[in-house]
Every structure is written in C-alpha cells, then in structure tokens.
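sequence plus predicted model, see below.
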Amino acid sequence: MSISRRLYEAVRAHIIGLGVKDILPYSAGLISILGVIFTLRFVERYLDPQVQFHIGLGLVVSLFIMGRIKAFQKPPLRLIFIVLAGFITVRYFVWRTTETLIYTGFWDLIAMTTLYMAEVYTFIIHIMGLVINAWPLEHKIIPIKGEPSNYPVVDVFVPTYTESEDIVKTTVVAALQMNYPKDKFRIHILNDGSTVARRAKPELSEEAIRRHISLKRMAEELGVGYFTRETNKSAKAGNINHALNYTDGDLVLILDCDHVPTRDLLLNTVGWFQKDEKLFLVQTPHFFINPTPVEKNVTAVSNISGENDMFYRVIHLGLNAWNSSYFCGSAAVLRRKYLMEVGGISGVSITEDAETSFLLHSRGYNSVYINRPMVCGLSPETFDDYIIQRTRWAQGMMQLMILNNPLIEKGLRMGQRLCYFNSCFFWIFGIPRFIFYIAPAAFLLLGLKVYHAAVPQIFAFALPHIFSTFVAMDFLYGKVRKPFFSEIYESVQSMFLMPAVLSVLVSPLKPTFKITPKGKKQESSYLNPMALTFFVVVILNVAILPMAVVRWINYPEFRDVITITLAWCFYNIFLAMLALGAFWETKQIRQHHRIIAIGQVEVYFIRVKQWVKADIQDMSLTGLGFAGKFPFDVKREDDIIIRAADSYGETYEFEARVQRNIFKGGVTNCGTEYKTSAANYVKAVRFVYGDSQRWLDIWELQTRPVKTSALIYRFLISGIKGTVQSVYYANKAIVLFSAKVAGSGLGIFRNYMRRLVEA
C-alpha cells in the first residue's frame, strides 16, 4: 500500500472513530489557528514596523514576567504562558512566510528555500515542545498490595557485551540486595560477548572464551543465572529475547550492565502493574555518575545538570501526560505477557527500546514514568564514544519515523502520534544546524539572497521570536538546562549526526547496532581530532568578515541584510568556539568515579583514639572523601573507622586509611581508601548505590542557581585552547603533507635522472 493511501486510510479511520466530544476540541483548535493567522495578517498589513516592534517588545516582556511568577509554572496558568509563547513564534512565521519569501533568481530561490525549511524545522520542534510540555504529569509511587508470597515474579536481565567484568559484578551485587522477596526475583547475566560464534572466531576466541569462563564463574559464585547464545543476531534485542524464551517471570526488569540499581527499585515500580492491568511499562530515569565529555569542561565551575536530565526530568513528564512514556533500554520494568504479544523486544530499528514501546502503545497498552532516579550508570568517557551513542539514537529514531511513521500508525492516540513524531523528528537537528552555519557565507561569499528583510522588520518580528524562544526554554527547562547549553550540546553533535541521519533517509535498513563503550580510562588530556570540523567553521566565518566590509562599501542598498548577516557570523563564531571547548578529552585514571555527595559521617582516628564528625564530600566503591574542623592534625596513612548511615537508617562501618589530607581555612579535607575485603565490597555497593535518596539529593544540588556567564566563560577558555591546538595541528599536517609531496617529487626526479643515465 502506498504512503498516500495509508495516510488516507488512517485519517478516514480516525475521523470515523471520533465522537462529538472528540470533534469539538479538534474543530475549536483549527478555528483558533485560523483566527490567529487571520489576526496576524490583518495586524501586519495595517501597522507599521515601529508599532510592530512595540507589540513584539510588549509580548516578550509579558512572557518574561510570567516566567518569573511561580503560579504560572503549574496548570492551569501554565497554559497561558504556553499559548503566549506559541503566539509570538506563530507571529514571526506568518510574517516570515508571507513577507520575506521573494523570488530574485533561481539560485537565490534554492538558497532562500533551504534556509526557510531549516527555520520551519525549528518552528515545528518549538511548537511541539510547547504542546508536549504544556501539562506535565508526575506519577506517584504506588505501594505493592497483598502478601509478599503473592507478589509478581520478576526476572532481572543484565545484558552485557564486552564491558569490564567489574562493572557487571557491581550491578549484579546491587541487584541481589534489592528489597523484594528473594524467591520472587531472579537475576540473569546475559553475556553476548561470548556467543558460540565469537568463541569460534580466531581473532576473538581467546577474549570471548576468557570472558565466558569468568562471567559464568561469577554467576555461580553469586547464585544468579547465566545465558549466552549461538550468535549476536539482532544485538541487544536478540540477547534479551533469547533470555525471554528460557524464563517465565510475570515482569522483566532490564538493567544495562553499568546501571546499578537502588534497593527500592522493585518496591517503587511493581505496584503500578497491580493497579493497571493494561500497563506494559514502568520507566525510571537514567542517572549518570560521571559527566559526558561535553560536561567535563564545566564541572570545575559548577555541578551542573547532566545532558540527559532535560529529557528525564522535564520532557518525560510531558510524554507521561500523553501516555507516551517509552522504554529507554534500561531501568525499566515490563510486563512479559504484552511483550511476548509483539514477539519480544523489537529488532527492526537500532533503537529497539522505543520501537517496542511504539508497537505496544499502538495496541492500546499503557505506560508510566516514575520521576525518581533508581539506577546509577556511566556516561561515555570519550567524545568518540559519545558520538557513537548519539549516532545510534539518531539513526534508530529516524528508522522508526520512516519505517513505522507515527503520524499514520493505527491504534495511536493523537497525543501519542505527536510525542513519537517529535522524538523522531528532533534528531534531524544536525541538518538545520549545518545550514545555519553556512547561510552567512552563501550571501557574503556567493552573493545569494537568502533572507529578504529590513532591520526594522527584524527588530519587530525576528528578535521577539528569538528572545521569546530563550524565555520559553528557560521556563520549561531552566532548572536542568542553562541558557545556550542546548545550543552547545546540539552544535557539538550536529556535524557528525548529519551524515548519519542522511544515510538513514537513503537506506533505512542499513544502520547496525553499535554498543556504547563504558568505563574507559583516559591517561592524559588532549584535543580530540574531531575538533577540526569546528575549527573549519570558525575559519570560514572569520574569513567572510572582510567580505562583509567590501559589500558594505560597494552595495549600500544591501546594508540592512549585511548587518544581519554580520551579526549572524559573529554568533556562529561564538557557537563554534564554545563547541571547540567541548572537545577536550580530560584525563580519567580512576578505576571508580567519585560521586559528589552530601551528609555526615563519624570518623574514629585510631592513632588519637577519638571520634569526630565530618561532612561527606564525595564517595566511590573504593573510598570516601570528607571534611571537617578537627582538634588534632590528620596525618597521611592514618588508620580510621568510618561510620555512616543511609536514608533508611541503616548504619555502615568501614575500615579505611587516609590517602590525602589538605588543610585550608581551618578545615581539613581528607581522601580515604577502604581496606579491601569481600565484606567491605558488598557493604560499599549497598552504601554507595543502594539509596535512591542520594541521587535525589544530587539532583537538588544540580538545580541550585549558577551563573551562566561562568559556564560560558569556561567553555570559551576551552574553545580558545581548542582553536590554538587546531591551528597547531593544522600547521603540522600541512608541513607533513608538504614534506611528503616534496619527498615524492624528489623521488620522481631521481628516477627520471636514473633513466637518463641508464639510457
């Protein structure tokens, strides 16, 4: 069936299925949109740009004031803010569409249309973001009912590929300590790094066999299940489906091997399956113990929110309101019965998790998102691994959009169509970003007329739209995302995701699943070679600045456009410089990451036989950092006993040794290392990872006010370093290339002379 026919049938079926209560909101919405467009066109025609400027200014100021009033953060007043923010954007695009698209030549038309379509993309994403987040829903935790003997049986799957056995062990040890009847959950290690096929390949066999023996022995020692299979067909989806065929629990908890669960994970999620018989999924946030490569450059300034926090702490609450929370690959509980209806985890796209949710939502089943972090995972350590992960997400969601098209899939509600389409369509952002980078050059270098507007019109329509977008983003995501940070995150990914997305558009079934490496060590700091891409962007935009001066002198009639384009160039340079700052690969040599933490401990110093209280600074599986004012000098190599408690009231004692002590301002900061023992390891896992309140406390730390200027300054300093390093590497490459060319030329000359002599 053709796409047009499928679209027709879907629309027809949807309209026939609508009742009066459904038709009225759709009709009212359509009439409202037409009314807004008519009003805007009337206002544009009969009011001059100066009046329009004051209207735009008034709208933005009103939006800004509302954004600072807490009452507008919650419905129903929140809807007033959302509608006004949408109105300002629609106002701009009505003007942009009806007044600025002027034909001046074929190539001008191509360039102008390309830029306009990039703006249309941003318009769609912005409006959909406002709609999805208009009325966020936060589901509460529902206690499990009945006697423990009647609790649902849960199979816990820990899929792994080639990650460190230590990472797998930490997750399994933590899972064993979950507060759930021991006879009601079973843990299974799903080892896809030691399949029969991998053990048979000469280049892989030694490591695959070693890993097989090691993980199987670990499973036996810990008393958990162990699965491997014949081949790696369908990657992670196939690995999980293989285990589904050999287990029979009512529910399935899936944990990536680096996602260490807290003790209350099952207690806080299983109750929802008792309440809603049609529930197929309870998803929880992915909380990360370490910053992404992009975030590392600002962790010295502030404990900022992670890049994923915007999705898990804000956007997912919006998806939740539309019954569109989807499986994110880990930290989720699924109902086996419904999972098996669609053949297990879907493996058509490389984002098997979202695709599986899509299929189950289209069958009328429900999902729930609980906004409490109950796993702690690892972000990619290097920029290369970071891009591998984002590329998989981008390609997989594009596959979902092309192969399953949420807009016409039967069974989905209108809100679900919007949510899934937005989640897929978002990943095209690399293409518009690239267009925005080269658009100034198209005008200043090639003379292509890409944007027809005078400066007064820009002030009247474009600037209010731009400012309102920043105000709206701060309103929606301000607690977890600082201004310009979305620009930075998207900029550093754009150049690398663009070809990946385009490849899916050409061949939707071509992408293959690539595992994201975790837990890598970094012996030294250096500039990732990928930075050269943004170095080229900086050079390109700097190079066209003189052209702006030339055109200003020679073409006075275009000075309005030249002014706009020049400002655009400076903004591109600014963004590219910030992006360059994200490419520093900072050193990471610790075996276990230190977690910023709060709370108090009691410390017994054996040398002076005295207990003192101290404030926790950070912790890891191997040690704890604390600070305090002590009535004695702390010495390195002091043996101590640390006594601590978690939010459940459980106390812990660790024998440790002081490895670092710094005295400053009357306060002694100590870094300690636990004395190694099997009992200490299990206790450390329970203490460090078992308490979900600890992750909530860190979330609170990350939402404290921080000066954006300090963060931007940090990125700029790194960006300047990146630019200098890029120049150095570029010169080095040119010298090496020149030497190679010269060497080749000398070789050709020698051969020629030899032939002459021989002749």
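Thanks, I have the structure now.

quickly run through the sheet partners of the helix or strand where residue 673 lies, with directions.
Remark: residue 673 resides in strand 667-674, with elements defined by DSSP states H and E. Sheet pairing of strand 667-674 (DSSP bridges) gives strand 624-628 (antiparallel), strand 651-664 (antiparallel).

roughly how far does the most centrally placed residue in the chain sit from residue 290?
Centroid-nearest residue in the chain: residue 308, 3.9 Å away (criterion: Cα atoms, centre = their mean). Look at residue 308 and residue 290: by Cβ to Cβ, to the nearest Å, they are 12 Å apart. Placement of C-beta: from N, CA and C, glycine included.

am I right that residue 188 falls within a strand?
Yes - under DSSP: H, G, I helix; E, B strand; the rest coil, residue 188 falls within a strand.

what strand or helix carries residue 701?
Element membership for residue 701, per DSSP H and E: helix 692-702.

can you check residue 60 too?
Element membership for residue 60 (DSSP H and E) is helix 49-67.

can you list contacts of stretch 410-427?
By Cβ atoms under 8 Å, 6 or more residues apart in numbering, the surrounding residues in contact with stretch 410-427 are 10, 13-14, 121, 124-125, 128-129, 131-132, 318-319, 321-324, 326, 354, 358, 361-364, 393-394, 397-398, 400-401, 406-407, 409, 497, 501.

now intersect the residues you listed with the helices, please.
Judged by DSSP state H, those include 10, 13-14, 121, 124-125, 128-129, 131-132, 318-319, 321, 354, 358, 361, 393-394, 397-398, 400-401, 497, 501 as members of helices.

need the helices for the stretch 151-300 of the chain, in chain order.
Assigned helices in the stretch 151-300 of the chain, in chain order: 165-176, 196-200, 202-222, 235-244, 270-275 (criterion: DSSP state H, counting those that start in this stretch).

which helix or strand in the protein has the lowest average pLDDT?
Using mean pLDDT, DSSP states H and E, helix 3-17 stands out as the lowest-scoring helix or strand of the chain, at a mean of 46.

show me where pLDDT drops low in the stretch 251-400 of the chain?
Residue ranges of the stretch 251-400 of the chain with pLDDT under 70: 296-307.

give the contact list for the closest residue to residue 122 other than its chain neighbours.
Nearest non-adjacent residue to residue 122, counting by Cβ to Cβ, 6 or more residues apart in numbering: residue 432, 6.2 Å away. Taking Cβ under 8 Å, 6+ apart, we find residue 432 in contact with 118-119, 121-122.

would a markdown table of the residues you listed with neighbour count and distance to residue 154 be doable?
Below are the contacts of residue 432 laid out as a markdown table (neighbours: other Cβ atoms under 10 Å; distance: Cβ to Cβ, whole Å):
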| residue | neighbour count | distance to residue 154 |
| --- | --- | --- |
| 118 | 19 | 47 |
| 119 | 18 | 48 |
| 121 | 18 | 42 |
| 122 | 17 | 43 |
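
circling back to that earlier point, and after the strand holding residue 673, which helix or strand comes next?
Heading C-terminal from strand 667-674 (DSSP H and E), you reach helix 678-689.

counting neighbours, which bits of that next one end up buried?
Buried residues in helix 678-689, defined by neighbour count with 16 or more other Cβ atoms under 10 Å: 680-681, 683-689.

just give me the neighbour total for residue 399.
As a burial measure, residue 399 scores 22 neighbours (other Cβ atoms under 10 Å).

quick one: low-confidence parts of this structure?
1-47, 296-307, 483-484, 516-527, 581-582, 584-592, 702-759.

tell me the angle the strand holding residue 673 makes with helix 678-689.
130 degrees (axes from the mean of the first three to the mean of the last three Cα atoms, to 10 degrees).

export strand 667-674 as CSV, just CAs?
C-alpha atoms of strand 667-674 as CSV (Å, rounded to 0.1, in the frame of the first residue of the first chain):
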residue,chain,number,x,y,z
VAL,A,667,39.1,22.9,57.5
THR,A,668,40.8,19.6,56.8
ASN,A,669,39.8,17.8,53.6
CYS,A,670,40.6,14.1,53.6
GLY,A,671,40.6,11.4,50.9
THR,A,672,40.4,7.9,52.2
GLU,A,673,40.6,4.4,50.8
TYR,A,674,38.7,1.4,52.2
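
quick one: buried residues of that strand?
For strand 667-674, by 16+ other Cβ under 10 Å, it's 668-672, 674.

residue 550: neighbouring residues, count only.
11.

now residue 481
Count around residue 481 with other Cβ under 10 Å applied: 20.

where does the closest residue to it other than its chain neighbours land in three-state SS?
Distances taken as Cβ to Cβ, 6+ apart place residue 310 nearest to residue 481, at 4.8 Å, with adjacent residues excluded. Secondary structure, three-state DSSP: residue 310 is helix.

wait, residue 310 sits on residue 482?
No - using Cβ atoms under 8 Å, residue 310 is not in contact with residue 482, being 10.5 Å away.

need the residues touching each of those two.
Common neighbours of residue 310 and residue 482, using Cβ under 8 Å, 6+ apart, do not exist here.

you'd agree residue 169 is up against residue 215?
No - between residue 169 and residue 215 there is no contact under Cβ under 8 Å: 9.1 Å.

isn't residue 326 up against residue 358?
Yes - using Cβ under 8 Å, residue 326 makes contact with residue 358 at a distance of 7.0 Å.

which element follows whichever helix or strand the residue nearest to residue 122 is part of toward the C-terminus?
Element membership of residue 432 [criterion: DSSP H and E] is helix 430-444. Sequence order places helix 455-457 as the next helix or strand after helix 430-444, per DSSP H and E.

buried subset of the ones in helices among the contacts of stretch 410-427?
Buried members of those, scored by 16+ other Cβ under 10 Å, are 10, 14, 121, 124-125, 128-129, 131-132, 318-319, 321, 354, 358, 361, 393-394, 397-398, 400-401, 497, 501.

show me what contacts residue 216?
Going by Cβ under 8 Å, 6+ apart, residue 216 touches 191, 226.

any idea how far residue 443 is from it?
According to Cβ to Cβ, residue 216 and residue 443 sit 64 Å apart.

show me what contacts residue 207?
Counting by Cβ under 8 Å, 6+ apart, residue 207 touches residue 162.

ok, now residue 612?
Applying Cβ under 8 Å, 6+ apart, the residues near residue 612 are 602-603, 605, 628, 630-631.
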